[in-house]
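[1] Sequence and predicted structure, then a few things I'm wondering about:
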Amino acid sequence: MHTKNKKNLFLVLIFVLVILFGLLCTGSLYRQIFSISNISNNSHIDNNNNLFVENKKDFFSVIVLPDTQKYSAKYPEIFLAQTNWINENKEELNILFVAHVGDLVDASTDKNQWDNAKEAMNVLTENNIPFGIALGNHDFKSVTKRTTLFNDYFSESDFGIVEEQKYFSPGNGYAIINAGDKNITFVFASFCPDENTLNNLSDLLKGNDSEKIFVTHGYLGKDANRYVHVCKSTEYIWDDFVKKQVNMNLVLSGHVHFEAILFSQNDFDQEVIQVLSDYQTTNDSKSGYMKILTFYPFQNILEMKTFSPYRNEYFDSNIDGNFAFEIN
């Protein structure tokens with residue numbers, strides 16, 4: 001090999017090593033994700049590639065509703081299909097909670113859209129399925145002034161019966177549910193939470209060592225980075241809040257029309273799975289996809305599926321689709 005070629009190869013190798021080192025330092029490398037059918041030595045796989053357990057106490061599910069704004073505005077039947085499906089499958093999947101990542105409506109002052117959103121979410125209320133909502137930018141008339149019609153349509157009593165809940169402003173607070181032998185705290189923050197909001201949430205969580213799931217609207221970008229339109233950098237949410245919370249192992253967000261997953265280590269050397277889900281422009285805004293998270297505590301597995309009750313199909317992509325994570 002010529003000396004010049006050797007030098008070029010050496011420079012390429014150095015460049016690759018630098019990139020890999022940078023990714024490792026920022027925590028943006030994807031951890032290995034397993035197909036449901038390829039989880040090693042797992043005897044709980046049925047013919048449909050679902051994890052199989054005989055006792056429903058051995059698993060529970062959480063449903064994530066991403067950005068329903070287009071459904072409230074134009075296709076309310078899709079929103080209703082989602083919540084009706086949740087009710088119809090709450091026993092089979094042992095659904096304990098529904099987390100809406102925000103943007104209930106497309107136009108914050110359109111009362112017809114709020115009526116449609118209320119009708120859909122009321123299916124959960126009437127059937128005792130607890131839920132919480134992190135308000136998005138489209139839910140506010142003004143993001144800076146935080147004016148919204150949300151309180152005209154929803155109150156804490158609509159959110160269902162939980163172990164404990166407290167909201168200090170629309171889309172900001174927490175709800176604690178019981179999941180067998182442990183409690184899980186769902187923490188909600190509205191779009192682009194300011195320092196005061198994050199401080200209030202931190203104060204509410206003092207002394208709370210339960211497992212936590214953080215739900216906010218804008219957090220993760222399509223490249224699995226903490227940067228989104230309007231909010232711009234969301235690193236402050238990670239630095240000032242998420243990574244400082246013990247046992248906050250999962251972050252759910254929407255806002256960006258894509259999907260992505262990021263794995264990072266918090267201040268307690270715990271892995272935090274950060275998930276972006278937003279399908280509002282998929283299939284001409286008529287997809288109806290939502291995320292089904294099923295937890296198998298005894299096998300340390302989180303199963304993640306993206307499914308549309310309206311289309312009766314699973315979403316297939318390189319990131320979501322049918323996958324499971326081995327978790328601690």
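    Thanks, I have it.
[2] from the chain's centre, how far out does stretch 226-246 sit?
    Here stretch 226-246 is found 15 Å from its chain centre; the criterion is CA atoms, centre = their mean, to the nearest Å.
[3] and that stretch, how far apart are its ends?
    20 Å (CA to CA, to the nearest Å).
[4] What are the buried residues along that stretch?
    226-228, 231, 234, 237-238, 241-243, 245 (16 or more other CB atoms under 10 Å). (C-beta placed from N, C-alpha, C; glycine too.)
[5] before we move on, what about stretch 292-308?
    So, applying 16+ other CB under 10 Å, buried residues of stretch 292-308: 292-297, 299, 301-308.
[6] Kindly report the same for stretch 202-222.
    204-205, 208, 210-221.
[7] Repeat that for stretch 131-145.
    131-140, 143.
[8] related to what we said a few turns ago, list the ones among the buried residues of stretch 226-246 that fall in strands.
    Of the positions in the buried residues of stretch 226-246, 227-228 sit in strands, assigned by DSSP state E.
[9] Kindly indicate which of the buried residues of stretch 226-246 lies nearest residue 176.
    Checking those against residue 176 by CB to CB gives residue 245 as the nearest, at 14.2 Å.
[10] ok, the closest one - contacts?
    With contacts defined as CB atoms under 8 Å, 6 or more residues apart in numbering, residue 245 is in contact with 187, 202, 205, 212, 214, 266.
[11] how close does it sit to residue 110?
    36 Å (CB to CB, to the nearest Å).
[12] Repeat that for residue 166.
    Using CB to CB, residue 166 is found at 29 Å from residue 110.
[13] for residue 121, same thing?
    With CB to CB as the criterion, residue 121 and residue 110 are 16 Å apart.
[14] pLDDT weak spots in the protein?
    Counting by pLDDT under 70, the chain contains low-confidence ranges at 1-57, 316-323, 328.
[15] rerun at 80
    The chain contains residues with pLDDT under 80 at 1-57, 143, 258, 281-285, 315-328.
[16] what ranges do the helices span in it?
    3-26, 69-73, 76-88, 111-126, 150-153, 195-204, 235-240 (DSSP state H).
[17] picking up where we left off before, for residue 166 and residue 110, indicate the residue with more neighbours.
    residue 110 (14 against 11; other CB atoms under 10 Å).
[18] Now do stretch 172-184: everything it contacts.
    Stretch 172-184 has contacts (CB under 8 Å, 6+ apart) with 57, 60, 96-97, 130, 132, 159, 162-167, 185-190, 193, 197, 200-201, 204-205, 210-213, 295, 297.
[19] Buried residues in it, which are they?
    If you call a residue buried by 16+ other CB under 10 Å, then stretch 172-184 has these buried ones: 172-177, 179-180, 183-184.
[20] okay, among these, which ones form the most distant pair?
    Greatest spatial distance in those: 172 and 180, 27.8 Å, computed using CB to CB.
[21] Report the backbone C-alpha coordinates of stretch 94-112 in PDB.
    C-alpha atoms of stretch 94-112 as PDB (Å, rounded to 0.1, in the frame of the first residue of the first chain):
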ATOM      1  CA  ASN A  94     -54.000  -5.000  32.200                       C
ATOM      2  CA  ILE A  95     -53.900  -1.300  31.300                       C
ATOM      3  CA  LEU A  96     -53.200   0.700  34.400                       C
ATOM      4  CA  PHE A  97     -52.700   4.200  32.900                       C
ATOM      5  CA  VAL A  98     -52.900   6.300  29.800                       C
ATOM      6  CA  ALA A  99     -50.400   9.100  29.200                       C
ATOM      7  CA  HIS A 100     -51.200  11.800  26.700                       C
ATOM      8  CA  VAL A 101     -48.100  13.700  25.500                       C
ATOM      9  CA  GLY A 102     -50.000  16.800  24.600                       C
ATOM     10  CA  ASP A 103     -51.500  18.700  21.700                       C
ATOM     11  CA  LEU A 104     -55.000  17.500  22.400                       C
ATOM     12  CA  VAL A 105     -56.300  20.100  19.900                       C
ATOM     13  CA  ASP A 106     -54.900  21.800  16.900                       C
ATOM     14  CA  ALA A 107     -56.400  25.300  17.500                       C
ATOM     15  CA  SER A 108     -56.500  26.200  21.200                       C
ATOM     16  CA  THR A 109     -59.500  28.500  20.900                       C
ATOM     17  CA  ASP A 110     -61.700  26.200  18.800                       C
ATOM     18  CA  LYS A 111     -64.300  24.900  21.200                       C
ATOM     19  CA  ASN A 112     -65.500  22.300  18.800                       C
END
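[22] Noted, bye for now.
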